[in-house]
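In: got a predicted structure here, sequence first:
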Amino acid sequence: MIAVDTNILLYADREETPQHRAALRALRRLAEGHEAWAIPIQCVGEFLRVVSHDRVFQPPTPIGEALASIESLLASPSARVLVPGGRYLRILREVIERAEVRGNLVFDAQIAAVCLEHGATTLLTEDRDFTRFQGIKPLSLAAFLAD
């Protein structure tokens, strides 16, 4: 199963980003496909926070529109939301210790841990920080769309 990182959601939402068209195409391909794909719950919250922030985007995306975008994606029959379960904390500890992360990278470790808990070993992302997490294969938009 492939999971989608926050930056892909942001690029798809915001037309002014250089990766907008590619991100939109990638999300459409996932949503219209038959294979299971997912959005980690942490990425839902982060997307809503960033896209609606007036110091990040001018104008920011209205929160209602941002929520509708997420709901629309998750209406796909093949979409899942990845939420922490019973093994999450143990996996998070392992991910943090193996990658020796701290500070802001702990948030990325949370995304990696929830993905691993649910068997999502590929993460569609433009964030190279995910290369440090064993068991997670970061996949760029260009590589995903070339496939």
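Out: Right, received. Where do you want to start?
In: count of residues packed around the residue nearest to residue 56 when sequence neighbours are not counted?
Out: Leaving aside its sequence neighbours, residue 56 sits nearest to residue 50 (C-beta to C-beta, 6 or more residues apart in numbering; 5.5 Å). In this view, the C-beta of every residue, glycine as well, is placed from N, C-alpha and C. Neighbours of residue 50 under the rule other C-beta atoms under 10 Å: 20.
In: I'd assumed residue 9 was in contact with residue 50.
Out: No - Residue 50 lies out of contact with residue 9 (C-beta atoms under 8 Å); the separation is 9.1 Å.
In: can you give me the strands in the protein?
Out: 2-4, 37-40, 79-82, 122-124, 137-139 (DSSP state E).
In: mind putting those strands in TSV, mean neighbour count and mean pLDDT included?
Out: Conversion of those to TSV gives the following (neighbours: other C-beta atoms under 10 Å; pLDDT from 0 to 100):
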stretch	mean neighbour count	mean pLDDT
strand 2-4	24	98
strand 37-40	24	98
strand 79-82	18	98
strand 122-124	20	98
strand 137-139	17	98
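In: can you lay out those strands as JSON lines showing distance to residue 68?
Out: Listed next are those as JSON lines, based on distance: least, C-beta to C-beta, whole Å:
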{"stretch": "strand 2-4", "distance to residue 68": "17"}
{"stretch": "strand 37-40", "distance to residue 68": "15"}
{"stretch": "strand 79-82", "distance to residue 68": "15"}
{"stretch": "strand 122-124", "distance to residue 68": "21"}
{"stretch": "strand 137-139", "distance to residue 68": "26"}
